[in-house]
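Colleague: sequence first, then the predicted structure:
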Amino acid sequence: MNDTPGWASPGSAPSDSQEAGVPQPSAPTDGSGHAGNWSPTQPPAGQWSPPSIPGSGHGAPPPVPGWGSRPQGSGWGQPPAAKPGVIPLRPLGVGEILDGAVSAMRAHWRTVLGITLTVSVIAQIAIILVQRYLLPEPASVDPNATGAEALRQAADSAQSTLIYSAPSTLITLIATLFTTSMLTVVISRSVLGRAVTLSEAWAEARPRLLQLLGLTLLLALMAAGIMAVGVLPGALMGSTAGVGLILIGFMAACVVVVWLMVRFCLATPALMLERQSITVSMRRSAKLVRGAWWRMFGILLLTWLLTLIVTLIIAIPFGIIAMIADGDGLSTFLTGDSTGFGWPFLIISGIGEVIISTITYPLSAGVMALLYVDQRIRREALDLELARAAGLPGYDTRS
């Protein structure tokens, strides 16, 4: 059996010299030849009626359960789907996707914890050092300024905030790339019920990192370009009407960006698992999301809300503790002087960020990978190929 669980897109070379994902019927074992060789003389069609059950009349005692009897109240529905790993191999509901992501974290907690904790600690150390030593002091703002001076100070403050947040955003982006690439491998193995070590996940994800970086930068540039097109006309006007135009353009640009990001949300798992190029992965995502945009948007929004709740639950207590431990942290926070935070504040808040990342990274990556699996099951019958790859009886396509 091929170890590759059929992640390749339809139309690629089939595995094991069989059609990918299509189980073949087994050959007859009694030597009677093809099942379609019927006798030329057939009996006349008769009327079939269900067999009567003794003692089924009024007042008869209920049948005693035994061999061959069905539980009362159960229909003739299909048997439950096979579940070799963290999800059943059938179209998934929202709860099953979230539960599958959490189950993968529990089933492979050593690998998941090793990936997220290592990357998060390195990223937070880099962010703390950059914030402490490399960033310039933020621009001061006079609360009594009015008119043109207030606008100038607001522009300077926005520019200072952008410069201050750029290094942290870049470091977080790189950390997300590493965690997403390796966690996608872990989730794909957990669907089949297979274990994966940290070294195996890294070896499989490493060749795709540059392409994943290119995909991430391309999507970021697309979003930035759309936002610039929406805001720039109003910014060039520079009047009260320009402010209104900026607001309208900003809202319209946000709608377009959200639509595109949901449309291409499955490009990352397609790139990692199907080993496609950047453009092919984006086309694959658009194809899988077509007709299910609102469902994808709802699940992604729910995932974002869950990660936001987890972030607030952890960040608020750590922030309060950090300000108390720093002494002058509360006054620094109220004045907005970010560079005035001391080492106690940066270290304690950094620990909180590590805990947040350790929890939210696997949840987000797991939901994205399972959404990809779910859409391929719905559109391309991937469940048959996954069952064959998992070695389930009755799905082997070899004759």
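Modeller: Great, that's in hand.
Colleague: could you say which helix or strand holds the residue lying closest to residue 97 once chain neighbours are set aside?
Modeller: Among residues not flanking residue 97 along the chain, residue 370 sits closest, at 4.8 Å (Cβ to Cβ, 6 or more residues apart in numbering). C-beta coordinates here come from the backbone N, C-alpha and C atoms, glycine included. Per DSSP states H and E: residue 370 is located in helix 343-380.
Colleague: need phi/psi at residue 85.
Modeller: phi -130, psi -130 (degrees, to the nearest 10).
Colleague: grab the nearest non-local neighbour of it.
Modeller: Nearest residue to residue 85, sequence neighbours excluded (Cβ to Cβ, 6+ apart): residue 193, at 3.9 Å.
Colleague: quick one: residues contacting residue 343.
Modeller: residue 132 (Cβ atoms under 8 Å, 6 or more residues apart in numbering).
Colleague: before we move on, back to that, please give me every residue in contact with the residue nearest to residue 85.
Modeller: Residue 193 neighbours (Cβ under 8 Å, 6+ apart): 84, 85, 86, 390.
Colleague: top of those by neighbour count?
Modeller: Counting neighbours by other Cβ atoms under 10 Å, the top entry in the contacts of residue 193 is residue 86, with 24 neighbours.
Colleague: helix or strand: which one has the closest residue to that one other than its chain neighbours?
Modeller: Distance criterion Cβ to Cβ, 6+ apart; nearest residue to residue 86, sequence neighbours excluded, is residue 103 at 4.1 Å. Following DSSP H and E, the helix or strand that holds residue 103 is helix 94-107.
Colleague: what packs against that helix?
Modeller: Packing partners of helix 94-107 (3 or more Cβ pairs under 8 Å, 6 or more residues apart in numbering; DSSP states H and E): helix 147-191, helix 293-326, helix 343-380.
Colleague: quick check: next helix or strand after that helix?
Modeller: helix 109-129.
Colleague: got the angle between that next one and helix 343-380?
Modeller: Note on geometry: by axes from the mean of the first three to the mean of the last three Cα atoms, to 10 degrees, helix 109-129 and helix 343-380 are set 130 degrees apart in direction.
Colleague: only alpha carbons, please: show helix 109-129 as CSV.
Modeller: C-alpha atoms of helix 109-129 as CSV (Å, rounded to 0.1, in the frame of the first residue of the first chain):
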residue,chain,number,x,y,z
TRP,A,109,0.6,16.6,22.2
ARG,A,110,4.4,15.9,22.4
THR,A,111,5.0,16.8,18.8
VAL,A,112,2.5,19.7,18.9
LEU,A,113,3.9,21.1,22.1
GLY,A,114,7.4,20.7,20.9
ILE,A,115,6.7,22.7,17.7
THR,A,116,4.6,25.5,19.1
LEU,A,117,6.6,26.0,22.3
THR,A,118,9.9,26.1,20.6
VAL,A,119,8.8,28.5,17.9
SER,A,120,6.9,30.7,20.3
VAL,A,121,9.7,31.1,22.8
ILE,A,122,12.2,32.0,20.0
ALA,A,123,9.8,34.5,18.5
GLN,A,124,9.0,36.2,21.8
ILE,A,125,12.7,36.5,22.7
ALA,A,126,13.3,38.2,19.4
ILE,A,127,10.3,40.5,19.8
ILE,A,128,11.4,41.5,23.3
LEU,A,129,14.9,42.2,22.3
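Colleague: counting by contacts, list what that helix packs against.
Modeller: Here helix 109-129 touches helix 147-191, helix 198-205, helix 343-380, going by 3+ Cβ pairs under 8 Å, 6+ apart.
Colleague: pick the most deeply packed of those.
Modeller: Neighbour counts (mean count of other Cβ atoms under 10 Å) averaged over each of the helices and strands packed on helix 109-129 peak at helix 343-380, with a mean of 21.
Colleague: related to what we said a few turns ago, among the helices and strands packed on helix 109-129, which comes closest to residue 235?
Modeller: Evaluated over these, closeness to residue 235 peaks at helix 147-191, with 10.3 Å, by Cβ to Cβ.
Colleague: what mean pLDDT does that closest one have?
Modeller: In this model, helix 147-191 carries a mean pLDDT of 81.
Colleague: ditto for stretch 298-306
Modeller: For stretch 298-306, mean pLDDT rounds to 96.
Colleague: what's that stretch in contact with?
Modeller: Counting by Cβ under 8 Å, 6+ apart, residues outside stretch 298-306 touching it are 94, 97, 98, 262, 265, 363, 364, 367, 371.
Colleague: send the alpha carbons of it over as CSV?
Modeller: Coordinates of each C-alpha in stretch 298-306 appear next as CSV, following Å, rounded to 0.1, in the frame of the first residue of the first chain:
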residue,chain,number,x,y,z
GLY,A,298,-18.6,31.2,9.3
ILE,A,299,-16.2,28.5,10.5
LEU,A,300,-13.2,30.8,10.2
LEU,A,301,-15.0,33.5,12.1
LEU,A,302,-16.0,31.1,14.8
THR,A,303,-12.3,30.0,15.1
TRP,A,304,-11.2,33.6,15.2
LEU,A,305,-13.6,34.3,18.0
LEU,A,306,-12.5,31.3,20.0
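Colleague: buried residues in it?
Modeller: For stretch 298-306, a neighbour-count test (16 or more other Cβ atoms under 10 Å) marks 299, 300, 303, 306 as buried.
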